[in-house]
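Participant: any chance you can model this:
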Amino acid sequence: MRAICPGSFDPVTHGHLDIVVRASRMFDEVLVAVGRNSAKNYLFSPDERAAMLADATSELPNVRVDLLDGLLVDYCREREIDVIVKGLRFAGDFEFELQMAQMNFALSGIETIMLPTAAKWAHLSSTMIREVAKLGGDVTQFVTPAVAERIRGKMATDNQGGRA
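Facilitator: Residues are numbered from 1 along each chain as shown. Presented below is the predicted three-dimensional model:
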């Protein structure tokens with residue numbers, strides 16, 4: 001059975017990786033799909049986010065990373081993906097993801113499985129990590145060393161370019 005873990009992953013956190021690792025134990029193949037959301041202001045390009053994910057999941061032989069454009073359900077149908085896997089941190093995530101799961105099922109018949117994030121990562125969000133990093137805080141405990149290095153590099157570049 002094939003599953004997909006979609007998200008923006010800007011940047012990928014230990015919370016994201018917790019869900020991907022657990023999904024990789026449940027399914028024959030897991031595709032981690034890096035999406036674009038026009039409502040979000042990204043720190044990293046889609047290619048950069050995909051590269052960080054590919055590095056972070058390189059030791060998981062049944063996981064691969066791809067870019068996602070368009071409707072998730074169309075992407076799933078085209079690739080014969082059986083299940084969408086979403087991580088939940090708190091009740092607000094459940095309310096949003098339930099609505100998305102119901103819409104995806106109505107459009108395609110594809111089921112969604114929701115996994116609660118491990119308690120030690122439940123407070124993480126990519127938005128908070130970006131904000132802490134922009135303000136000079138240390139985010140190394142929340143992301144892989146390679147991702148932390150990319151964040152430091154991006155912050156240094158942004159600060160030299162006059163951006164906050």
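Participant: am I right that M128 falls within a helix?
Facilitator: Yes. With DSSP: H, G, I helix; E, B strand; the rest coil as the criterion, M128 is part of a helix.
Participant: show me where pLDDT drops low in this structure?
Facilitator: Scanning the chain for pLDDT under 70 picks out the ranges 159-164.
Participant: which parts of it are helices?
Facilitator: Under the criterion DSSP state H, the chain contains helices at 14-26, 46-56, 72-78, 91-108, 126-134, 145-160.
Participant: in TSV, list those helices along with mean neighbour count and distance to V65.
Facilitator: Quick note: C-beta positions are derived from backbone N, CA and C, even for glycine. Shown next, in TSV, are the helices of the chain (neighbours: other CB atoms under 10 Å; distance: least, CB to CB, whole Å):
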stretch	mean neighbour count	distance to V65
helix 14-26	19	10
helix 46-56	20	5
helix 72-78	17	13
helix 91-108	13	21
helix 126-134	17	16
helix 145-160	15	14
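Participant: looking at those helices, which is closest to K40?
Facilitator: If you check each of those against K40 by CB to CB, helix 126-134 wins as the nearest, at 8.8 Å.
Participant: picking up where we left off before, ok, which of the helices of the chain comes nearest L115?
Facilitator: Shortest distance between L115 and the helices of the chain, using CB to CB, is found for helix 14-26: 5.5 Å.
Participant: which strands and helices lie in contact with that closest one?
Facilitator: strand 2-7, strand 29-34, strand 83-88, strand 111-116 (3 or more CB pairs under 8 Å, 6 or more residues apart in numbering; DSSP states H and E).
Participant: if we use 6 Å, what do you get?
Facilitator: Applying 3 or more CB pairs under 6 Å, 6 or more residues apart in numbering; DSSP states H and E, one finds that helix 14-26 makes contact with strand 2-7, strand 29-34.
Participant: most tightly packed of the ones you listed?
Facilitator: Neighbour counts (mean count of other CB atoms under 10 Å) averaged over each of these peak at strand 29-34, with a mean of 24.
Participant: perfect, I'm done here.
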